[in-house]
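*Asks:* how would this look folded up:
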Amino acid sequence: MIHDGGLGRTTDVGEQTQQPAYNPFTGKGYNPLVNQQNFKGFIENLHIRDEQGRVHVETVPTLPDMVHSIYETGANVVLQLDFKDQAAVEPAYWALKNLTNRAGVPANEWCIYKLQAKWWKNPGEFEALDWVQDAFASGVNLAYIPVYNPEDDASWDTLESLKEWAKTNYTISAEIEVYSTGAPLQDLQNYILHNGTDMGTFRTSGIFYAPGDFVDFITSNRTRFDTANYSIPGDIQKNNSVYVFQDNKAPVLLDSIVGNKSLDGHDYRSDFNWIIQQGFQWVITDTADFWDAQLRTQGHRNTSHLMASREVDGVSNGWYRRQHTRDFIEA
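*Replies:* Modelled structure (predicted):
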């Protein structure tokens, strides 16, 4: 389970191979591609590096490792599996097939499959897959979220696709990456907002909250990244935009790479108030811990929407036996 395409920013691969450690603030250092390295004997032995550059004792986990930890601790959670590689989807299903949480609920019911909509554009294509057929035959209630990106809009009928997914009993929401009001995919968000009563299974949508990759560092005596030519917290926001890391390059302002995905050249996904005004009910973000704290101080972190009101303990009271993941999302 690695976030980036390279290993440098999130592990101690440089230190372990006696190469210069990778620094995302300069784009320099050892940053080998994940898909060109072996997990066994190499990646499995790397230690996790946090967003401040500090190396921790934990090593790189596999998906089954994470699920096993959830079982051991009795944690009451769902995992959103945000796949970036289409080829990784089916192996993940089979790896989870015989795993459960402490309540005995199959992992493939509370691990949300968030997949690029362009991979399987409609339920017919998706339901023909061997692993999906196995889930149906096994009585597993899959939880699926299609992800729509602006470039999809010019290639195929995304609105018709959304309408078809809305008729299924396993699609729990949709992620719609609208970069500005009226930009590509706005019609999908409008459909969810204004046609919710016509939809079969979900009435929610989410978006990537893009507040940038620079966060205010927590004071620590442990090693952290050299911020090079950037000032923290001064450069967390600049020119009404935010900085984002690039593989093997220096960070750039988000608006500089938005292209024609926005009508006015500004990526509004960095503005949480705009996201709320657009009617999105949930967000994902890369610096979750930091923004959890920030949104709480702003009054935007309402955890009552994340937990069932009658829940005390997900294992002891059988909450998972009464509610599926789709109910969790729509609470």
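
*Asks:* For Val13, list the residues it contacts.
*Replies:* Contact partners of Val13, counting by CB atoms under 8 Å, 6 or more residues apart in numbering, are 7, 19, 22, 30-32, 46. Every residue, glycine included, has its C-beta placed from N, CA and C.

*Asks:* and what of Phe245?
*Replies:* Phe245 sits in contact with 9, 24, 213, 251, where contact means CB under 8 Å, 6+ apart.

*Asks:* Out of the residues you listed, which sit inside strands?
*Replies:* Pro251 (DSSP state E).

*Asks:* Now the two most distant members of the contacts of Phe245.
*Replies:* Pairwise distances across the contacts of Phe245 (CB to CB) peak at 11.5 Å, for the pair Arg9 and Pro251.

*Asks:* Overlap in contacts, those two.
*Replies:* 24, 245.

*Asks:* Next, count neighbours for Arg54.
*Replies:* Per other CB atoms under 10 Å, the neighbour tally for Arg54 reads 16.

*Asks:* I'd say it and Arg224 touch.
*Replies:* Yes: between Arg54 and Arg224 a contact is recorded at 5.8 Å, counting by CB atoms under 8 Å.

*Asks:* confidence score at the nearest residue to Trp282 once chain neighbours are set aside?
*Replies:* Once flanking residues are discounted, Trp282 sits nearest to Gly206: 4.0 Å by CB to CB, 6 or more residues apart in numbering. Model confidence at Gly206, given as pLDDT, is 96.

*Asks:* Looks to me like Gly206 is in a strand.
*Replies:* Yes: assessed with DSSP: H, G, I helix; E, B strand; the rest coil, Gly206 lies in a strand.

*Asks:* what sits against it?
*Replies:* Gly206 neighbours (CB under 8 Å, 6+ apart): 145, 173-176, 280-284.

*Asks:* Show me the shaky parts of the chain.
*Replies:* The model of the chain has pLDDT under 70 over residues 196-201, 217-223, 300-331.

*Asks:* what's around the residue nearest to Leu79 when sequence neighbours are not counted, how many residues?
*Replies:* Leaving aside its chain neighbours, Leu79 sits nearest to Cys111 (4.6 Å; criterion: CB to CB, 6+ apart). Neighbour count for Cys111, taken as other CB under 10 Å: 23.

*Asks:* what separates Cys111 from Asp12, distance-wise?
*Replies:* According to CB to CB, to the nearest Å, Cys111 stands 28 Å off from Asp12.

*Asks:* And for Tyr230?
*Replies:* Between Tyr230 and Asp12 the computed distance is 22 Å (CB to CB).

*Asks:* Show me which of the two is the more surrounded one.
*Replies:* Between Tyr230 and Asp12, counted using other CB under 10 Å, the more crowded position is Asp12 (20 against 17).

*Asks:* what sits against that one?
*Replies:* Counting by CB under 8 Å, 6+ apart, Asp12 touches 21, 46-47, 49, 55.

*Asks:* again, only using 6 Å
*Replies:* Each residue near Asp12 by CB atoms under 6 Å, 6 or more residues apart in numbering is listed here: 47, 49, 55.

*Asks:* center of the chain, which residue is that?
*Replies:* Nearest to the mean C-alpha position of the chain, counting by CA atoms, centre = their mean, stands Asp82 at 4.8 Å.

*Asks:* My guess is it contacts Lys114. True?
*Replies:* Yes: assessed by CB atoms under 6 Å, Asp82 is found in contact with Lys114 at 4.9 Å.

*Asks:* all strands of the stretch 151-300 of the chain, in order?
*Replies:* Taking DSSP state E, counting those that start in this stretch as the test, the strands found in the stretch 151-300 of the chain are 174-176, 205-208, 243-246, 249-253, 282-284.

*Asks:* most tightly surrounded among those strands?
*Replies:* Greatest average neighbour count among the strands of the stretch 151-300 of the chain goes to strand 174-176 (a mean of 26), per mean count of other CB atoms under 10 Å.

*Asks:* which neighbours does it have in its sheet, and in what orientation?
*Replies:* Sheet pairing of strand 174-176 (DSSP bridges) gives strand 144-148 (parallel), strand 205-208 (parallel).

*Asks:* Output those as TSV; include the columns distance to Leu129.
*Replies:* Putting the strands paired with strand 174-176 into TSV (distance: least, CB to CB, whole Å) gives the following:
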stretch	distance to Leu129
strand 144-148	12
strand 205-208	24
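
*Asks:* Quick one: closest of the ones you listed to Leu193.
*Replies:* strand 205-208 (8.1 Å).
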